[in-house]
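A.B. asks: Pasted the sequence and its predicted model underneath.
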Amino acid sequence: MNNSQISIITPVLNESATLAETLESVRSQTLPPFEHIIVDSGSTDGSLDIIHSYMSRAPYPVHLIQTPAEGVYAALNAGNARAKGSVLGLLHGDDAFSSPQVLEFVAAAMARNPKTGLIYGDVHYVDSKGRRSRYYSGAHFRPRTLLSGFAFPHPSMYVRRELWEKVGPYDTRFRIAGDYEWIVRATLRNAASIIYVPLDMVAMHEGGLAFHWANRLFHNIPEKRMALKVNGYKTPLWRLMGRYLYLFRH
């Protein structure tokens, strides 16, 4: 595989504090993406100035899509619909690639496994002071672990276009668990061929909806239960809640 197959999608909404780091982590990749699609949902904090500066310096095509603020999954859908690459990856505007070799490693993994529809790996979190805090590995993920609410880290996911078109876009009814629902749809309902690659791919800044314990407990759990239900799977509430007992230790 060469770089012409990898499109990176970055949703942005007022990410000026972290966006320059995010974009520089793409520009510094040893294997550049074929294209970088940035979907801005109405930033008013200077993010657009950072994006335009980046666009003028990037040695590969950068496309800016400006959309209404309808949620991160709507933004990702807009970016994926525009993408021309045969492999789709994402990098949120408050995250960054963990090293300059990530896309090179992804391309090699895809080339070694031409029948694989999706690869995923690991991510790590950094706190407000930029210190590494936690590590989230996809090594123990199996499709059946979705029934307990456990998925691999979504920001480490790279999907072949054929699989994306088969599974369909993110369900925008979900506020937090749209990525989880998509993974349920891909792996449980469509039996996608997936492979774990042992690589730390993304540094994620802690904060936002997905990190607040109340959102996880009162929104994420019901949404995950709904995600299973709409795909034909039932699981007791206690089984999903067990996944979040660690919240009270962080």
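C.D. replies: That came through fine. Not measured: the values here are computed from a predicted model.
A.B. asks: is it fair to say residue 185 lies in a strand?
C.D. replies: No - using DSSP: H, G, I helix; E, B strand; the rest coil, the secondary structure at residue 185 is helix, not a strand.
A.B. asks: Residue 33 reaches residue 26, doesn't it?
C.D. replies: Yes - counting by CB atoms under 8 Å, residue 33 touches residue 26, with 6.7 Å between them. Glycine gets a C-beta too; all of them are placed from N, C-alpha and C.
A.B. asks: the more surrounded of these two?
C.D. replies: Between residue 33 and residue 26, counted using other CB atoms under 10 Å, the more crowded position is residue 33 (27 against 23).
A.B. asks: does the more buried one count as helix, strand or coil?
C.D. replies: Classified using three-state DSSP, residue 33 is coil.
A.B. asks: just the one 4 residues further on next, same as before
C.D. replies: Following three-state DSSP, the label given to residue 37 is strand.
A.B. asks: quick one: contacts for it?
C.D. replies: Counting by CB atoms under 8 Å, 6 or more residues apart in numbering, residue 37 touches 7-10, 62-63, 65, 79, 82-83.
A.B. asks: related to what we said a few turns ago, list residues touching both of residue 33 and residue 26?
C.D. replies: Common neighbours of residue 33 and residue 26 (criterion: CB under 8 Å, 6+ apart): residue 8.
A.B. asks: ok, back up a step: among the contacts of residue 37, name the ones in strands.
C.D. replies: Residues of the contacts of residue 37 located in strands (DSSP state E): 7-10, 62-63, 65.
A.B. asks: Would you mind putting these into a markdown table with distance to residue 198 and pLDDT alongside?
C.D. replies: As requested, those are exported to a markdown table (distance: CB to CB, whole Å; pLDDT from 0 to 100):
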| residue | distance to residue 198 | pLDDT |
| --- | --- | --- |
| 7 | 24 | 98 |
| 8 | 21 | 98 |
| 9 | 24 | 98 |
| 10 | 25 | 98 |
| 62 | 30 | 98 |
| 63 | 32 | 98 |
| 65 | 33 | 98 |
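A.B. asks: Which one of those is nearest to residue 203?
C.D. replies: Among the ones in strands among the contacts of residue 37, residue 10 lies closest to residue 203 (CB to CB), at 14.3 Å.
A.B. asks: for the helix or strand where residue 228 lies, packing partners?
C.D. replies: If you go by DSSP states H and E, residue 228 is part of helix 221-230. Helix 221-230 sits against helix 178-184, helix 237-241, with contacts defined as 3 or more CB pairs under 8 Å, 6 or more residues apart in numbering; DSSP states H and E.
A.B. asks: In terms of mean pLDDT, which of those ranks lowest?
C.D. replies: Per-stretch mean pLDDT for those is lowest at helix 237-241 (a mean of 81).
A.B. asks: chain center to it: distance?
C.D. replies: Put simply, helix 237-241 sits 24 Å off its chain's centre (CA atoms, centre = their mean, to the nearest Å).
A.B. asks: Now tabulate the helices and strands packed on helix 221-230 in TSV and tack on mean neighbour count and distance to residue 199.
C.D. replies: Formatted as TSV, those follow (neighbours: other CB atoms under 10 Å; distance: least, CB to CB, whole Å):
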stretch	mean neighbour count	distance to residue 199
helix 178-184	23	18
helix 237-241	13	28
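A.B. asks: Many thanks, I have nothing further to ask.
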